[in-house]
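Asks: my questions are about this predicted structure, shown below with the sequence.
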Amino acid sequence: MLVRKKPVNSDIAVSFIMTNLLLYTQKIEPLGKMLKQLLILFKKWMLRM
């Protein structure tokens, strides 16, 4: 029974980590796009000066 429980627990852990990574990347992607836009705006502003 103990041998059978371990793979199930590891599968749950892996799926949990994967879903967390997916949520993390989904939250970070728009932030990355925003930062890129801010950098572009900052560069344009610096060129004006």
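Replies: That came through, no problem.

Asks: mind telling me what element the residue nearest the centre of the chain is part of?
Replies: Centroid-nearest residue in the chain, with Cα atoms, centre = their mean: Thr25, separated by 2.2 Å. Thr25 belongs to helix 2-48 when assigned by DSSP states H and E.

Asks: that helix - contacts with which helices or strands?
Replies: Contact partners of helix 2-48 among helices and strands, from 3 or more Cβ pairs under 8 Å, 6 or more residues apart in numbering; DSSP states H and E: none. C-beta here means a position set from N, CA and C on the backbone, and glycine is covered the same way.

Asks: begin at 3 from now on, thanks
Replies: Let's use 3 as the start, then, which means that last one is helix 4-50.

Asks: now do it: distance to the chain's middle.
Replies: Relative to its parent chain, helix 4-50 has a centroid offset of 0 Å by Cα atoms, centre = their mean, to the nearest Å.

Asks: pLDDT on it, on average?
Replies: Across helix 4-50, pLDDT averages out at 83.

Asks: tell me the spacing between the residue nearest to the centre of the chain and Met48.
Replies: Distance of Thr27 to Met48, computed by Cβ to Cβ, to the nearest Å: 31 Å.

Asks: repeat for Asp13
Replies: Asp13 is 51 Å from Met48, by Cβ to Cβ.

Asks: repeat for Lys38
Replies: Separation of Lys38 from Met48 (Cβ to Cβ): 16 Å.

Asks: and what of Leu40?
Replies: Distance from Leu40 to Met48, counting by Cβ to Cβ: 12 Å.

Asks: which neighbours do those two have in common?
Replies: Both Leu40 and Met48 lack any common contact, where contact means Cβ atoms under 8 Å, 6 or more residues apart in numbering.

Asks: Ser17: how many residues sit nearby?
Replies: Ser17 is flanked by 10 other residues according to other Cβ atoms under 10 Å.
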